[in-house]
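Undergrad: Sequence first, predicted coordinates after that:
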Amino acid sequence: MSETTKGTSNELGTIRIADEVVSIIAGLAATEVEGVAGMSGGIASGIAETLGRKNFSKGVKVEVGEKEAAVDLYIIVKYGSRIPDVALNVQESVKNAIENMTGLNTVEVNVHVQGVGFPEDVKEEEVRVR
C-alpha cells in the first residue's frame, strides 16, 4: 500500500480509501455547517485566506490508518456566530460524514478557528469609508 491509501481486505479483495478522499469529505461536511464562512489555508499559509468552494481539501489535514482517522480543520467563522457552537457542530458533522461514508472510526476532529469572516455588505462599507 502507498502512503496515501490505506486498505482493508475481505474475501472479494481490497478496499482502499485515499487520504485525499477523507479530506474532501471532511472539508465538504465542515463548509455545510451554519456559521462557517470558509476554510483557511492553515498555519502554513501564514494568512487566513478564505478559499472558494471548489477545493474542499484546503484547510483540512487528515491522518488515516487502516480503521481510524484523525482530522485537523482550519476554518473561518462568520461574524456574529457563536464560535464554540460552530466548532462543536463542525466536529459532529465531520465525524458523522467520515464514519458514514468510509466506515472509518474517527478518533478526533480538531477545529482550529483561524479568523472571522464578515458579510460582503460590511466589507463594501469599509472600503467606501476609507
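TA: Noted; the coordinates are in hand.

Undergrad: a helix runs through residue 23, doesn't it?
TA: Yes. Assessed with DSSP: H, G, I helix; E, B strand; the rest coil, residue 23 lies in a helix.

Undergrad: For it, give me its contacts.
TA: Residue 23 sits next to 56, 57, 60, 61, 62 when contact means Cβ atoms under 8 Å, 6 or more residues apart in numbering. Any C-beta I mention is one placed from the backbone N, CA and C, and that applies to glycine too.

Undergrad: most surrounded residue in these?
TA: Using other Cβ atoms under 10 Å as the neighbour criterion, residue 60 leads these with 26 neighbours.

Undergrad: quick revisit: for the contacts of residue 23, give me CSV that also has distance to residue 69 and secondary structure.
TA: Shown next, in CSV, are the contacts of residue 23 (distance: Cβ to Cβ, whole Å; DSSP: H, G, I helix; E, B strand; the rest coil):
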residue, distance to residue 69, secondary structure
56, 16, coil
57, 14, coil
60, 11, strand
61, 11, strand
62, 6, strand
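
Undergrad: The closest residue to residue 116 other than its chain neighbours and residue 107, how far apart?
TA: Spatial nearest neighbour of residue 116, chain neighbours left out: residue 79 (5.2 Å); criterion: Cβ to Cβ, 6 or more residues apart in numbering. To residue 107, residue 79 is 32 Å away according to Cβ to Cβ, to the nearest Å.

Undergrad: Helix, strand, or coil at residue 85?
TA: Assignment for residue 85 (three-state DSSP): helix.

Undergrad: do you know how far the spatially closest residue to it that is not a sequence neighbour is from residue 83?
TA: Distance criterion Cβ to Cβ, 6+ apart; nearest residue to residue 85, sequence neighbours excluded, is residue 35 at 7.1 Å. Note on residue 35: its distance to residue 83, by Cβ to Cβ, is 8 Å.
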